[in-house]
Every structure is written in C-alpha cells, then in structure tokens.
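> My questions are about this predicted structure, shown below with the sequence.
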2 protein chains.
Amino acid sequence: MAAEFDLIRKYFTHPAPAGMLGVGDDCALFPVPAGQTCAVSTDLLVEGRHFFADVEPALLGHKALAVNLSDLAAMGAEPLACVLGLSLPAMNADWLEGFSRGFLALSREYGCPLVGGDTTRGPYICLSITVFGAVPAGQALRRDAGQPGDDIWVSGTLGGADIALQLMQGKLPPEHWRLPGLRGALERPEPQVALGRRLRGIARAAIDISDGLLQDLGHILAASGCAAQLDTQALPAHPGLAGLAPDILLDAMLGGGDVYQLCFTAAPQQREAVLGAATAAGVRLSRIGKLEAGPPGALRDGQGAPLTAQRAGFDHFEG
Amino acid sequence: MAAEFDLIRKYFTHPAPAGMLGVGDDCALFPVPAGQTCAVSTDLLVEGRHFFADVEPALLGHKALAVNLSDLAAMGAEPLACVLGLSLPAMNADWLEGFSRGFLALSREYGCPLVGGDTTRGPYICLSITVFGAVPAGQALRRDAGQPGDDIWVSGTLGGADIALQLMQGKLPPEHWRLPGLRGALERPEPQVALGRRLRGIARAAIDISDGLLQDLGHILAASGCAAQLDTQALPAHPGLAGLAPDILLDAMLGGGDVYQLCFTAAPQQREAVLGAATAAGVRLSRIGKLEAGPPGALRDGQGAPLTAQRAGFDHFEG
C-alpha cells in the first residue's frame, strides 16, 4: 500500500510554482491576479462511457485535461492551475507513467500546474478534472452575449474527430483510414486558449464545440435569445475528409462532437480585429453565418431551410 | 433524456449569487477577494468504497460536501463556491431530490454555492466535489508550520464516528447502539469552518482529522519535522462512548477516521487566544499534547512509551 502511494507521488508530485502550494496539505493554494475573476470547469470521465479501458494512457491524460482547458478557452480565461481525482481498479506503474506523462505535458504547455488531487480504488477507471483560470472582471466570453447581426465564426476544422470515431466503431468502411490526421483530431485535441484570450473585448458570445456544432451553437442561440443562419458551404472540413461523400461529411461537421474548436460571435465591424486575433494565435478561422432576430434556437441554411444534423450531438445520458 | 436533464436542472440549478456566474456556461465565474489566495480541495467518492448504494441520499449529499468544507476549515479558508461531478447508473428523482437537498442545505449554511458541475451515466455512483475558498495571502494554516514546544489541540470529540462504523459493520455487539448521537457523528459531520477562520494568526499548523488522529497528526509531524507527546488522558471522548471498554475507546480515538474535527498546534503563549477563538466559534477544544524536537513523526504518550493505534487509520488504497 505504501508502495502504491509512492507510485502516485512518483508520477504526479512535482514542485508547485512559486507563490502556490501544491499537493500535500488539506488544500492547494494559488493566487488569482488582482482585478481578475476565477473561472472554473469540471469534468467527470467514466471508463466505458467517455473512454475505453484499453485507451493509450498518455492520450487519455492529454485529452482529459485538454477538454477542460478548452472550456477555459471558450470563456477567454487564462489557465491558472488544476486538480485531478483518480479512481483505479489497481495501481499499475505503466498506466500511471503514461497517463501522467500525457497529462503533465499538456499542463506544462499551457501553464496549468497540477496542484492537488485525490486517489482511490474503485472497480473501474474514473477521472475528475477541475481547472481554474483567470479572466479580467467583466470580460469573460459568455454564451448569452450574442446579438442579432453578429457574424458566427469557428476556429480550425470540423468533422475529423467524428469520422475517426465512426471508423473506430466500424460505422464507415475501413478504407477511409488512409485519410491522414483523423485519429489525432479525435485523440489529441488542442485547446484554443491563445485564441480565446485574444478574443476578449472583440468577440461577444463563445462556446467550445464538444457536443457538435449545431448543439453547441444552439446553446449560444438559446442563451442569447437569437436565431441563426448558417452557410453550410463555408464550414471548414478537416483536410483528411476530402474524399468523403458530401452528406456524410456535412453531417459530421454539423453533428460531430469532440471537436474542441471555438464557435463564437462578433459584430461585423470586428472582422478585422477577429482575423488579427486568429493570426496572432496562429489559428485558422471561418465565418460560417449570422445571428438573426427570430425564435431562439432556430437554425436555417443559406436557402432558408431548417438545419438539423441526422444526429442531435452527444448526449451525456444516452443509454 | 431531455427529461433526465430536466431532473438535474430541477434539483441542482439555483440562481448564482450576485457577482458569480453559475451553471450553464463553459465555466463558472466567481470573484476572489482582493489580497486573498484561492484555496482548493477535491475529493472523488466511489460507491462501495466511500459509501454504499443504499445510503440515505440526503446524508450522502451532506457528507460529500462537509468533508471538503472541512479541508477549507483546516487551512483557515472561507468557502467561496463549489462544483460537483455526478455519475449515476440511472436518473432517479427521489435519489436526486434527497442528495441535492442534503448537499444544498449545507452549501447554503456555509455560503458555498454550487456554481458548476458535470453529470454522466456510469455503472455505479461516483461523485467528485471540488470546493474553493479564500484565505488572506500568507495566513493559511499549513501542515508544515508546527514548531517544537507548540501545544497540540483538537476540536470537538473523538471516537464517535468510528464506533458507529464498527457497530454498523457488526464488529461491536449491538447493545452499544443505545449510546446516543453516534450515528450522527458518522453521518452528519459538521465542518469546523468558523474555528479555522478564527485560528488564523493564532494557530501554527493545522489539519482536519479524516483518517484518524494519529495518522493525521503524523502528517503535521512529518511536514513540520517534529516529534510529539500526547496526553491520552486528555483526549476528548464522544459523550456517547461513556460505557465503552477503555482499550476499545482509546483505539477509536487514536485510530478512528471520519472525525472532521481540527487538530492544530499553537505556541503556549497563545492559549488564551486559542480558547477565545473556540468560544467565539462555539466549539469545544482540548489541549492534548505538545510538539517536541525529535525524530520527525515519533509519537509517545505521557509516560514516554511509543504510541500507536491498533489500526493505522484509513488507507485509500486498502484492498
């Protein structure tokens, strides 16, 4: 048992940055810069539901943190620190080494040190991740801030993670595996933290696409009390999807989850500033539609036809 | 499924306090008072390990939050907000109503609003709770701040939760159930937040007793590089344990977990201030020993004999 705690310490304990108190007391301590508000996001990830037991541990560690950093990005917040809860059927040095390697590499890359946690035994793997960030008071990018007339923008590309998942699940013929980069889109999402930060004061509403473009944009529409028109021709397809049947591609772009790109709105006068932010962050942006006055949540395409994906997006309580 | 999300909303969504952003965006937002540091504690609680599936949901909701508030108390931090991750085999309105009632009642009592969360389906109940607090910069009560010569204090009483657990597990004859108040000590711990706050600037090292007095005091000794002498006659037994065999009682007080009282050290010159803090917080305090120069972690009783509990305290990875 002592040996098991030693493993946890070995792989997860690292010196806390100056000014912070890390693992080893009743609480971790970290400062929040003066004039800034603390932003927090939490996820509970369960084996068999969000990942499979045989997933490469380093990829799981990366993704578990990435999806939470993506929530900070969508608020325009800078990462400050994170904590991790880990329930495992048994201690396994290889698993812990891999998981901590993936987790801590991303934590270092985004300046989000692991300052606390809890480890326990349980019948299957269960992870809880909570991230803290800071955003200047009043400048957070909120879902309810969209206004009719706003442009709708999306970062990066769409559909890659979804098609990779369909291939892994055998829902698409395996010859599509020749398409490059798909698996990385699913397994190694990069949170758009630099873009989110640079959009403060420029964008209005923002969200990260975790459950699918239509569903997540729908959250902006509902919170902002707007309808929207989407130009489906302007949707940025993942470059690995060039040979795919158009209907499968469109559905993946509209309904596919696990994207972790930002969807945000901004006034048309901000187009230059928006593109400048994207250039500075080194991120591709596409302008894909407009918010409109209309029934909150209503979405239509460029021809005015109602827009839906064949799938409604990821449902966390699907059977 | 929509109905299931409605249940979550119904029981857990409540208006965020002024100045905060609660459930419903990518992140929750809460301010940290100027000049204060953010304190954070996280727990992952797993069915079958930390509680049983048939536990009264309101008690589980209470205790899950209480043990985390107890960590804030042990740092001298004031609660600011909390987030909750919940994995459930199925949605059950009765369970959610009970759990949220116990959780939110304590959250209101301690001014620790629930501002965010994550809900998912999983094969058994799994809870993650993360609490945030604030403590003036440099004033947190840390485990490593004890000094030889310090008095050792403990709040409240010891042994009640442990004996209740032994009775529930059939390890003690059932006639002891006539002893009053035991079950409450196990099931409804009250975090010592008011005491922790008032001990800032008075106490040196502090910890909350979750795994047993000897084990948790041992963490202070290890972090502070001290030994200690304990006056076992001064240990405050739970009033419901008056008729118990002395050896069983002593072992429960030294080794029993789930106490959630504070154990702390303070210089002898602070005795009056310590007792004043306890009176102001409405809490009983007992002075139970002294820190000494000596091998870090070494513990002896008033006669100088090495002190151990028959059990080593709760081990989170016990088989």
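The structure has been received and is ready for your questions.
> correct me, but residue A:32 touches residue A:134?
Yes. Look at residue A:32 against residue A:134 with C-beta atoms under 8 Å: they come within range, at 5.4 Å. No exception for glycine: its C-beta is placed from N, CA and C like everyone else's.
> Overlap in contacts, the two.
Listed as contacting both residue A:32 and residue A:134 by C-beta atoms under 8 Å, 6 or more residues apart in numbering or on different chains are A:38, A:80.
> Any stretches of chain A with poor pLDDT?
For chain A, the stretches flagged by pLDDT under 70 are A:1-6, A:176-180, A:309-319.
> ok, which stretches of it are strands?
A:28-31, A:36-46, A:78-88, A:114-121, A:126-136, A:151-155, A:206-208, A:227-230, A:262-266, A:285-292, A:299-301 (DSSP state E).
> could you check whether the fifth one is close to chain B?
Same thing as strand A:126-136. Yes. For strand A:126-136, a contact with chain B is found by C-beta under 8 Å from any C-beta of the partner chain, at A:126, A:128, A:130, A:132-133, A:135.
> Just the closest of these to chain B, please.
Closest approach between these and chain B, by C-beta to the nearest C-beta: residue A:128, at 3.3 Å.
> Might you report the residue contacts of that closest one?
A:42-45, A:84-85, B:42, B:44, B:85, B:128, B:130.
> just so I have it, where are all the helices in the stretch 101-250 of chain A?
A:160-168, A:182-187, A:193-198, A:213-224, A:246-255 (DSSP state H, counting those that start in this stretch).
> From what I see, residue A:216 and residue A:207 are in contact.
Yes. Contact status for residue A:216 versus residue A:207: in contact at 4.9 Å, counting by C-beta under 8 Å.
> Pull up the overlap in contacts between those two.
Joint contacts of residue A:216 and residue A:207 (C-beta under 8 Å, 6+ apart) are residue A:263.
> Neighbour count for those two, which is higher?
residue A:207 (28 against 25; other C-beta atoms under 10 Å in any protein chain shown).
> can you pull the contacts of that one?
Per C-beta under 8 Å, 6+ apart, neighbours of residue A:207: A:74, A:143, A:216-217, A:219-220, A:262-264, B:26.
> For these, which single residue is the most surrounded?
Neighbour max across these (other C-beta under 10 Å) = residue A:74, 35 neighbours.
> Against residue A:159, how distant is that one?
Separation of residue A:74 from residue A:159 (C-beta to C-beta, to the nearest Å): 20 Å.
> Likewise for residue A:286?
For residue A:286, the distance to residue A:159 - C-beta to C-beta - is 13 Å.
> and residue A:235, how many neighbours does it have?
20.
> who's in contact with the residue lying closest to it once chain neighbours are set aside?
Spatial nearest neighbour of residue A:235, excluding adjacent residues (C-beta to C-beta, 6 or more residues apart in numbering or on different chains): residue A:253 at 4.7 Å. Counting by C-beta under 8 Å, 6+ apart, residue A:253 makes contact with A:158-159, A:213, A:235, A:237.
> how about 6 Å then?
A:158-159, A:235 (C-beta atoms under 6 Å, 6 or more residues apart in numbering or on different chains).
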